[in-house]
Every structure is written in C-alpha cells, then in structure tokens.
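> Please work out how this folds:
(one chain, ligands or ions: 2)
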Amino acid sequence: MPPAPEVGVAVFILKDNKVLFGRRRSLSIGAHTYLLPGGHLEFGESFEECAAREVKEETGLDIKDIELLTATNNLLSDSVHMVAIYMRAHLLDPNQTPQNIEPEKCEGWEWYDLKNFPEPMFGPLREMLLGGFNPFPSDS
Ligand SMILES: Nc1nc2c([nH]c(=O)n2[C@H]2C[C@H](O)[C@@H](COP(=O)(O)OP(=O)(O)OP(=O)(O)O)O2)c(=O)[nH]1
Ligand SMILES: [Mg+2]
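Ligands and ions are numbered 1, 2, ... in the order given. Model (predicted):
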C-alpha cells in the first residue's frame with residue numbers, strides 16, 4: 001500500500017505589503033528552497049490552531065486574524081503526497097520581529113515583497129505565485 005497523503009499547513013504572514021519566508025536547510029522536503037512557516041497538522045487540530053502553533057514554534061511570532069486561503073495537492077516525491085492548506089494571518093504585535101528558533105532547519109526569516117519573491121522558491125508555492133496568487137485581502 002502506498003503511504004497516506006499528508007496534511008501540511010503553511011502561513012502567509014502579512015506585514016505592510018510583505019510576506020515572511022525562510023530558506024530551508026538540507027533536511028527533508030524543499031531543501032534549500034524558500035518556504036512559508038508551517039508544518040504538519042496534528043491529530044484533532046484546527047487549521048487555525050496548527051497555523052498559530054507552527055508559526056510560534058518556528059519564528060516566535062504571535063499571529064491574529066488567521067484565515068483559510070487555499071489548498072494545493074502535490075506529489076512531492078515517489079513517497080510523499082502532500083495536501084497543503086494555505087492560511088493568512090497578521091502579527092498580533094506589529095513591532096514583533098521573527099526569530100530563527102530552529103536554525104538547524106532554517107537559514108533565517110525575512111520579509112519579502114511578492115513582486116520580487118526570493119528564489120529558489122518551493123515549487124508548489126512558485127507555481128501559485130507565478131500564477132498571480134495574492135494572499136492579501138482585496139481591500140488592503
Ligand atoms: N513549512 C511549509 N510547508 C509547506 C509549504 N508548502 C507545502 O506544501 N508544505 C508542505 C511540505 C512540508 O513538508 C509540509 C510540512 O511542513 P514542514 O516540512 O515545515 O514540517 P515541520 O517539520 O515544520 O513540522 P512537523 O513535521 O514537525 O509537524 O507541508 C510551505 O510553504 N511551508
Ligand atoms: Mg516547518
């Protein structure tokens with residue numbers, strides 16, 4: 001039997017007109033590419049709870065106004081089928097700055113303008129962004 005699909009939750013944290021990305025170290029999926037903060041959905045968690053937990057664990061940031069945006073469904077390798085749930089959120093305290101809490105996994109977190117997003121971007125995210133996906137609220 002092939003392994004079951006996994007569920008990942010990733011968060012577009014919006015600050016002014018920028019979004020937070022971090023470049024992944026050589027471990028695991030998406031090695032050396034830029035990803036949003038996020039991780040696997042745990043048993044019984046809501047998407048919002050998972051988003052807040054992963055963002056806190058990886059960046060130390062507290063977020064608010066956590067909302068569902070979209071999902072992707074990708075075969076990332078022969079053995080990994082990932083359903084990724086994309087959320088957006090704002091900083092609870094706009095003056096808070098991200099910390100690199102898992103330096104063994106991530107090179108560091110930076111704010112980027114999506115018109116000029118960093119490369120190499122994680123494949124499924126690059127497809128979304130090149131396709132014009134906009135995580136910002138339409139009234140912003
Ligand atoms: N972090 C993150 N994961 C993403 C994104 N897009 C996407 O498909 N994923 C998928 C691939 C990842 O392997 C999967 C889970 O995230 P992760 O790899 O960061 O997992 P993690 O180690 O932080 O968390 P965990 O397994 O310890 O719960 O979600 C994204 O933009 N950011
Ligand atoms: Mg992660």
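
> could you say which helix or strand contains the residue in the chain that ligand 1 sits nearest to?
Ranked by Cβ to the nearest ligand atom, the top residue of the chain for proximity to ligand 1 is residue 8, at 2.1 Å. Where you see a C-beta, it was placed from the backbone N, CA and C, and this is true even at glycine. Using DSSP states H and E, residue 8 falls within strand 6-15.

> And the strands in the chain, which stretches?
Ranges of strands in the chain, per DSSP state E, are 6-15, 18-24, 34-35, 38-40, 63-75, 81-91, 106-113.

> pLDDT weak spots in the protein?
140 (pLDDT under 70).

> What residues does it have near ligand 1?
Contact residues (Cβ under 6 Å from any ligand atom) of the chain with ligand 1: 8, 10, 28-29, 35-36, 38-40, 54, 72, 82, 84, 122, 124-125.

> Report the buried members of those residues.
Buried subset of those (neighbour count, 16 or more other Cβ atoms under 10 Å): 8, 10, 35-36, 38-39, 54, 72, 82, 84, 122, 124-125.

> In JSON lines: these, plus distance to residue 23.
Formatted as JSON lines, these follow (distance: Cβ to Cβ, whole Å):
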{"residue": "8", "distance to residue 23": "17"}
{"residue": "10", "distance to residue 23": "15"}
{"residue": "35", "distance to residue 23": "8"}
{"residue": "36", "distance to residue 23": "12"}
{"residue": "38", "distance to residue 23": "14"}
{"residue": "39", "distance to residue 23": "16"}
{"residue": "54", "distance to residue 23": "17"}
{"residue": "72", "distance to residue 23": "20"}
{"residue": "82", "distance to residue 23": "19"}
{"residue": "84", "distance to residue 23": "18"}
{"residue": "122", "distance to residue 23": "10"}
{"residue": "124", "distance to residue 23": "16"}
{"residue": "125", "distance to residue 23": "12"}
